[in-house]
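In: Need coordinates for the following:
(chains A, B, C and D)
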There are 2 protein chains.
Amino acid sequence: MRAELIDAAERLIYEGGYPAVTSRTLAEKVGLKRQIVHYYFKSMDEVFIAVVRRAAEKMRAAVAEAAASPEPLRALQELNRDPQGAILSMELHALANRRPAVREEVAKAAEEFRDLQTEILTRLLEQQGVEPAMRPVVAIVLLSSLAQVLALESAIDVSRGHAETLEFVDECLRAFAQGQPTPLETSAPTPAEASRRRRKAAAATSPD
Amino acid sequence: MRAELIDAAERLIYEGGYPAVTSRTLAEKVGLKRQIVHYYFKSMDEVFIAVVRRAAEKMRAAVAEAAASPEPLRALQELNRDPQGAILSMELHALANRRPAVREEVAKAAEEFRDLQTEILTRLLEQQGVEPAMRPVVAIVLLSSLAQVLALESAIDVSRGHAETLEFVDECLRAFAQGQPTPLETSAPTPAEASRRRRKAAAATSPD
DNA sequence: GTCTATACTTCGATAGAC
DNA sequence: GTCTATCGAAGTATAGAC
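Out: Reported below is the predicted structural model:
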């Protein structure tokens, strides 16, 4: 029953954000009276903390699975891009802002998630013997930030630039998986181009 | 007075998120009774819509100022990185999720903000005559997503990878402003390196 | 375990006095 | 414009019956 309530709380967060999780709505989800919540949880804070802990466990399992997949980076990105996961993460972050007891749990889970992802990428780079264009943790921060914001925007029907950005990131990941230069690296200017570019820039800032 | 209430609402959002904005807290902020809110606004939805509209106006002015600055891209990034602005944006996004009337306003403002930023970058690229490594809108999505997530995480004392990522992005912007190749482009492999890299990757996936 | 009953608080919103 | 008064609804939480 406790597990069922945690499930219900998570579903309510997807549907209406964390404010939608109350003793009343929670009990309704499992077909009981609202006082039942206080039998299984000392307070609503405990409900949310339980949600965070269970989400953290699921996350650990999902990351481990991604690490074992043939394309770990792509698997990780799918994990980050999961709309429900992104929304849950955002809501818990927002909730953490005004529930000190929850904040600690969320912060711990967020840092653990980032560390686990960074470790996977680091190992991947070592295996491929590639000198990375950016530190692993930087790539992880960029990829997960992007995924989270896109999910949040999609939820309110904002999609400006999404398709282009996803296409670009996918292209980068695909190139990386095949050991080829990414679109970014491909566009590196030759020394001649670079110096021409510098002259142009200088001319633009001091046109006289 | 109406303007004062909108001010107060914005401040309350910074302090405790959008749920902290109620007729009671709002009236307290301006030293009046809570019924005053319903005199100036038909409903709480209207309060939030007013907040969004005023934020959108401020945003337009700030973007115009950034466009006129000597380093528009850096100015834009400072704008995106503003912790208060990022938090306000996140809260309004979350609020938009469960208030249809608010959603429309937030979506409109978000798309306008993205378009304005993209236009600036596009013009900048044309001026410099640079063939960009990614489409302008992609760069804007990446930069603003990063800024928003970092701000949200900072608020709950999560900072894993922040310093490294900001350093990396700053380096890219600095290089761009000076018309030099970015750290990403600098690390482009020579043809010899690229082929060595491809062999390594192939060996890793089929070790036999 | 689950219920009824209850207490207290806060919310949004309206009506009407001054 | 700002107030008092009031409403119904919803929130958290506790006590105690079954």
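
In: A:Asp82: what's it in contact with?
Out: A:Ala151 (Cβ atoms under 8 Å, 6 or more residues apart in numbering or on different chains). Every C-beta, even on glycine, is put in place using the N, C-alpha and C of the backbone.

In: confidence score at A:Pro183?
Out: According to the prediction, A:Pro183 has pLDDT 70.

In: do you know how far it is from A:Arg81?
Out: Look at A:Pro183 and A:Arg81: by Cβ to Cβ, to the nearest Å, they are 19 Å apart.

In: Neighbours of A:Lys33, how many?
Out: Residue neighbour count, defined by other Cβ atoms under 10 Å in any protein chain shown, stands at 10 for A:Lys33.

In: so is it in a helix, a strand, or just coil?
Out: coil (DSSP: H, G, I helix; E, B strand; the rest coil).

In: ok, for it, nearest residue in space, not its chain neighbours?
Out: In this structure, A:Lys33 finds its nearest non-sequential neighbour in A:Ala27, 5.7 Å apart by Cβ to Cβ, 6 or more residues apart in numbering or on different chains.

In: Extract the CA atoms of the helix or strand hosting the one you found and return them as PDB.
Out: If you go by DSSP states H and E, A:Ala27 is part of helix A:23-29. Extracted in PDB, the C-alpha atoms of helix A:23-29 (Å, rounded to 0.1, in the frame of the first residue of the first chain):
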ATOM      1  CA  SER A  23      -3.500  13.900   1.100                       C
ATOM      2  CA  ARG A  24      -6.900  14.100  -0.600                       C
ATOM      3  CA  THR A  25      -5.800  13.500  -4.200                       C
ATOM      4  CA  LEU A  26      -3.300  10.900  -3.100                       C
ATOM      5  CA  ALA A  27      -5.900   8.900  -1.200                       C
ATOM      6  CA  GLU A  28      -8.400   9.200  -4.100                       C
ATOM      7  CA  LYS A  29      -5.900   7.700  -6.500                       C
END
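
In: Phi first, then psi, for A:Ile156.
Out: The phi/psi pair for A:Ile156 (degrees, to the nearest 10) reads phi -110, psi 20.

In: how close does it get to A:Leu143?
Out: Counting by Cβ to Cβ, the gap from A:Ile156 to A:Leu143 is 22 Å.

In: what does A:Val169 give?
Out: Taking Cβ to Cβ as the measure, A:Val169 falls 7 Å from A:Leu143.

In: Give the residues shared as contacts by those two.
Out: Common neighbours of A:Val169 and A:Leu143 (Cβ under 8 Å, 6+ apart) are A:Gln77.

In: So which residues on chain A come close to DNA strand D?
Out: A:21-25, A:34-35, A:38, A:42-45 (Cβ under 7 Å from any atom of the strand).

In: and the host helix or strand of A:Ala75, what does it pack onto?
Out: Per DSSP H and E: A:Ala75 is located in helix A:72-81. Secondary structure elements in contact with helix A:72-81, counted by 3 or more Cβ pairs under 8 Å, 6 or more residues apart in numbering or on different chains; DSSP states H and E, are helix A:44-68, helix A:100-128, helix A:136-155, helix A:162-177.

In: Tell me which of those lies nearest to DNA strand C.
Out: helix A:44-68 (13.5 Å; Cβ to the nearest atom of the strand).

In: buried stuff in the closest one?
Out: A:44, A:47-52, A:55-56, A:59, A:62-63, A:66-67 (16 or more other Cβ atoms under 10 Å in any protein chain shown).

In: so that helix versus helix A:100-128, what angle?
Out: Counting by axes from the mean of the first three to the mean of the last three Cα atoms, to 10 degrees, helix A:44-68 lies at 0 degrees to helix A:100-128.

In: Tell me the gap between helix A:44-68 and the middle of its chain.
Out: Relative to the centre of its chain, helix A:44-68 is centred 13 Å away, using Cα atoms, centre = their mean, to the nearest Å.

In: any low-confidence regions in chain A?
Out: Along chain A, segments meeting pLDDT under 70 span A:184-208.

In: what does it put close to DNA strand C?
Out: So chain A meets DNA strand C at A:1, A:27, A:32-33, A:35-36, A:39 (Cβ under 7 Å from any atom of the strand).

In: tell me which of those residues is nearest to chain B?
Out: Using Cβ to the nearest Cβ, A:Ala27 comes nearest to chain B of the residues of chain A next to DNA strand C, at 20.2 Å.

In: so that closest one makes contact with A:His38?
Out: No: the criterion here is Cβ atoms under 8 Å, and A:Ala27 misses it with A:His38 at 9.7 Å.

In: Comparing these two, which residue is more hemmed in?
Out: For A:Ala27 versus A:His38, the count of surrounding residues by other Cβ under 10 Å is larger for A:Ala27: 18 against 14.

In: What distance do you get for that one to A:Arg34?
Out: Distance from A:Ala27 to A:Arg34, by Cβ to Cβ: 4 Å.

In: hang on, the earlier thing: what's near enough to touch the residue nearest to A:Lys33?
Out: A:33-37.

In: could you flag which of these are buried?
Out: Buried, going by 16+ other Cβ under 10 Å: A:36-37, out of these.

In: ok, back up a step: hmm, who's touching the helix holding A:Ala75?
Out: In contact with helix A:72-81 (Cβ under 8 Å, 6+ apart) are residues A:62-63, A:65-67, A:69, A:85-86, A:117, A:120-121, A:124, A:143-144, A:147-148, A:150-151, A:169, A:173, A:176-177.

In: Considering only those residues, which also neighbour chain B?
Out: Filtering the contacts of helix A:72-81 for proximity to chain B by Cβ under 8 Å from any Cβ of the partner chain leaves A:144, A:148, A:150, A:177.

In: Give me the distance from the helix holding A:Ala27 to the chain's centre.
Out: That offset, for helix A:23-29, works out to 28 Å (Cα atoms, centre = their mean).

In: residues of it that come out buried?
Out: Applying 16+ other Cβ under 10 Å to helix A:23-29 flags A:23, A:25-27, A:29 as buried.

In: Tell me which helix or strand comes right after that helix.
Out: helix A:36-40.
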